[in-house]
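Peer 1: how would this look folded up:
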Amino acid sequence: MKFLHLVWRNALRNKRRAVLTVVSISVAIVAISVLNSVLHSFSAAVEIADEARMVVRNQVSLIFPLPLAYRQRIAAMPGIKGVAAANWFGGVYRERKNFFAKFAVDAESYFPIYPEFGVKPKEFKAFMDDRKGCIVGRKIANLHDFKVGQTIPILGDIFPGDWEFNVRGIYDGLKPGTDETTMFFHWKYLDESMPVRRQGQVGFYIVQLEEPSMAASLVKTIDSEFENSADQTLTETEKAFQQGFVKMMGNIELLVRTIGSAVVFTLLLVAANTMAMAARERTTEIAIMKTLGFSGLGVAALLVAESVLLMFAGWAAGTAVSWLMCRAIETGFSAIFPVFPLKPETMALSFAVAIVTGVISGLFPAFHAIRTTIVGAMRQVA
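Peer 2: Residues are numbered from 1 along each chain as shown. Predicted coordinates for the structure are as follows:
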């Protein structure tokens, strides 16, 4: 207890410097935590991707459609459990800032493939009975105060026009990390509203497999089936499909890691400078402590412990702020970051960075304390 008491008193000797150091460390921890949460947010869809689902799209690009006739041909292949058509709709709710993902889906086939979208049976039946019905995620419903039975206007862009949809259900994610910021409506409603020349076209197909192990062979089977068609296909697992979206945004991971490394380096400089100043101010005290019987290693341990204590305080404050920021980002920017978690591994990483930085920054003054002699220290004072 005496050792801990000395560490505590020394850390708070210069309260202003201690507070500024903790604040600086906190800012660095927030930067590390939020940047890592950005990476986790972008990869969330990849992490929860089902190995038993695949996506079939146009080989040229996702923006080019596929014929509706492909559905029956894909469904007839051995190993296929279900096939559902879907279109990315785009559009905004009332204003440009109110954007969230919207998909026109073959609801009868689509939702059985995605059991993680939990919809009450009564609401799902009402949705199926309403040509203009839609189902929205819980986060979107809370953000815009959508209620079941409400009619919401959508301004189309990819599919121009003023669209109206009736909210018939609100889904909840039954699986951790499930996106609750999406709206689904009937593909038939979209198709019937299109000019004749644009009818019977599908953005992509979701394919459910009987066994995940069949994915590799079915990728080749499906693409071979349409290789001589006017609209050739590109089939990939749901995980690979989601990874493609992440890669479209550039090398985000490299950017985040580079910024994170710079933050850690700055953190080390701040901590080392603080402890160096503290050690220089205590040259006389170090000599007195040695005179009283403290060993050089004992004094060094006090300095390292003081540095670690300051780092720990900064980590604790920074982690608390990071948690609040992640919740605020997930709520306020749900269209961009449907999931923005502060994961335990991120907290563990920032904790390790803080403690290691504390130990390293404390080693320099500790080494100085070991080398300091009683006579030499007194001579400097004189």
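
Peer 1: All the strands of the stretch 201-350 of the chain, residue numbers only.
Peer 2: 201-202, 204-209, 233-237 (DSSP state E, counting those that start in this stretch).

Peer 1: Format the ones you listed as TSV; extra columns: distance to residue 67, mean neighbour count and mean pLDDT.
Peer 2: C-betas here are computed from N, CA, C, even on glycine. Below are the strands of the stretch 201-350 of the chain laid out as TSV (distance: least, C-beta to C-beta, whole Å; neighbours: other C-beta atoms under 10 Å; pLDDT from 0 to 100):
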stretch	distance to residue 67	mean neighbour count	mean pLDDT
strand 201-202	7	20	93
strand 204-209	11	22	94
strand 233-237	10	21	92
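
Peer 1: Which one, of these, ends up nearest to residue 183?
Peer 2: For these, proximity to residue 183 was assessed by C-beta to C-beta; strand 204-209 is nearest, at 16.6 Å.

Peer 1: Off-centre distance for the closest one?
Peer 2: How far strand 204-209 lies from its chain's middle: 25 Å, per C-alpha atoms, centre = their mean, to the nearest Å.

Peer 1: The closest residue to residue 317 other than its chain neighbours: neighbouring residues, count only.
Peer 2: Of all residues not flanking residue 317 in the chain, residue 26 sits nearest, at 4.3 Å (C-beta to C-beta, 6 or more residues apart in numbering). By other C-beta atoms under 10 Å, the residues close to residue 26 number 21.

Peer 1: Looking at residue 78 now. What's its pLDDT?
Peer 2: In this model, residue 78 is scored at 93, pLDDT.

Peer 1: max-length strand in this protein?
Peer 2: Longest strand of the chain, by residue count under DSSP state E: strand 161-173.

Peer 1: Show me the contact partners of it.
Peer 2: Strand 161-173 has contacts (C-beta atoms under 8 Å, 6 or more residues apart in numbering) with 91, 116-120, 123-124, 126-127, 130, 132-138, 141, 146-156, 179-180, 183, 185, 193.

Peer 1: ok, now stretch 214-234?
Peer 2: Against stretch 214-234 from outside (C-beta under 8 Å, 6+ apart): 51-52, 54, 56-60, 64-67, 70, 73-74, 77, 79-80, 207, 209, 235-237.

Peer 1: Which of these are buried, as a ChimeraX select command?
Peer 2: Burial among these is assessed by 16 or more other C-beta atoms under 10 Å; the matching ChimeraX selection reads:
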select :52,54,56,57,58,59,65,66,70,74,80,207,209,235,236,237
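
Peer 1: Where strands are concerned, which of the contacts of stretch 214-234 count?
Peer 2: For the contacts of stretch 214-234, secondary structure assignment (DSSP E) places 54, 56, 57, 58, 66, 67, 80, 207, 209, 235, 236, 237 in strands.

Peer 1: can you list the weak-confidence ranges in the chain?
Peer 2: Applying pLDDT under 70 to the chain flags the ranges 1, 3, 5-7, 10-11, 44-48, 244-253, 276, 278-299, 334-336, 368-382.

Peer 1: Would you map the helices across it?
Peer 2: 2-11, 15-47, 70-75, 107-113, 121-129, 138-144, 187-193, 215-225, 238-247, 252-281, 283-291, 296-332, 344-371, 374-381 (DSSP state H).

Peer 1: Of all those, which one comes closest to residue 84?
Peer 2: Nearest to residue 84, of the helices of the chain and by C-beta to C-beta, is helix 107-113 at 3.9 Å.

Peer 1: Which neighbouring elements make contact with the closest one?
Peer 2: strand 80-88, helix 121-129, strand 182-186, strand 204-209 (3 or more C-beta pairs under 8 Å, 6 or more residues apart in numbering; DSSP states H and E).

Peer 1: got the angle between the third one and helix 121-129?
Peer 2: Spelled out, it's strand 182-186. If you take axes from the mean of the first three to the mean of the last three C-alpha atoms, to 10 degrees, strand 182-186 sits at 50 degrees to helix 121-129.

Peer 1: next one: the first one
Peer 2: Computed with the same axes, to 10 degrees, the direction of strand 80-88 lies at 70 degrees from that of helix 121-129.

Peer 1: partners of strand 80-88, with directions?
Peer 2: Strand 80-88 has the following sheet partners, assigned by DSSP bridges: strand 101-105 (antiparallel), strand 204-209 (antiparallel).

Peer 1: in the first one, what counts as buried?
Peer 2: Neighbour-count burial for strand 101-105 flags 101, 102, 103, 104, 105 (criterion: 16+ other C-beta under 10 Å).

Peer 1: wait, doesn't the last one sit right on residue 184?
Peer 2: Yes: Residue 105 is within contact range of residue 184, at 5.2 Å (criterion: C-beta atoms under 8 Å).

Peer 1: separation between the spatially most central residue of the chain and residue 274?
Peer 2: Nearest to the geometric centre of the chain sits residue 41, at 1.5 Å (C-alpha atoms, centre = their mean). Separation of residue 41 from residue 274 (C-beta to C-beta, to the nearest Å): 33 Å.

Peer 1: do the same with residue 348
Peer 2: Relative to residue 274, residue 348 is positioned 24 Å away (C-beta to C-beta).

Peer 1: which of those two has more neighbours?
Peer 2: Neighbours per residue, other C-beta under 10 Å: of residue 348 and residue 274, the larger number sits with residue 274, 24 against 10.

Peer 1: on that earlier part again, list the contacts for the residue nearest to residue 317?
Peer 2: Residue 26 touches 314, 315, 317, 318, 321, counting by C-beta under 8 Å, 6+ apart.

Peer 1: same thing with residue 275?
Peer 2: 303, 306, 307, 361, 362, 364, 365.

Peer 1: can you give me the end-to-end distance of stretch 329-348?
Peer 2: 21 Å (C-alpha to C-alpha, to the nearest Å).

Peer 1: Could you list the buried residues of it?
Peer 2: 329, 330, 334, 335, 337, 338, 339, 340, 341, 342, 346, 347.
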